[in-house]
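# Take a look and give me a structure for this.
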Amino acid sequence: MLEHLTLETFKAKVFNFDVNKDWKYEGSVPCMIDFYADWCGPCKIVAPVLEELQKEYGDKIVIYKVNTEDEQQLAGMFGIQSIPSLLFVPVDGQPQMALGALPKPTFEKAIADVLKVEKPLAN
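Residues are numbered from 1 along each chain as shown. This is a model prediction of the structure:
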């Protein structure tokens, strides 16, 4: 199960905007944040793909979920207009947003290109 972020856990684990004006990632491994809603069809398609990716990449990345209905302030901060929207957050550097229900290979490419994490070899 992927961890769901609230405003408070977001500040602790991703970015504490109360303390920092400029982007400063709080985590030690890159993360992805899935902005979704329970009623969203494409979000339901992406959810199992993200679960699979988390299993495959293990502790090399963290995948979080943010329910845009419950966490409207967070969704607003990132200008979420359509869901699913996925934020790719490298340890160093600026996060990048991807929109839509992307196929798994596209996620894997973004994880490699933006997060600089290569897919682990299958056991």
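# host element of the most centrally placed residue in the chain?
Closest residue to the average C-alpha location of the chain: residue 33 at 1.6 Å, with CA atoms, centre = their mean. Assessed by DSSP states H and E, residue 33 sits inside strand 31-36.
# ok, then the element right after that strand?
Note on strand 31-36: by DSSP H and E, the next helix or strand toward the C-terminus is helix 41-57.
# what packs against that next one?
strand 31-36, strand 62-67, helix 104-113 (3 or more CB pairs under 8 Å, 6 or more residues apart in numbering; DSSP states H and E). Heads up, the C-betas are built off the backbone N, CA and C, glycines and all.
# show me the contacts for residue 37.
43, 67, 68, 69, 83 (CB atoms under 8 Å, 6 or more residues apart in numbering).
# Relative to residue 100, how far out is the last one?
Which is residue 83. Going from residue 83 to residue 100 by CB to CB, to the nearest Å gives 9 Å.
# joint contacts of those two?
By CB under 8 Å, 6+ apart, residue 83 and residue 100 have these common neighbours: residue 42.
# More neighbours: which of the two?
residue 83 (23 against 12; other CB atoms under 10 Å).
# Of the contacts of residue 37, which is the most crowded?
Among those, the one with the most neighbours (other CB under 10 Å) is residue 83, at 23 neighbours.
# Let's verify that residue: helix, strand, or coil?
coil (DSSP: H, G, I helix; E, B strand; the rest coil).
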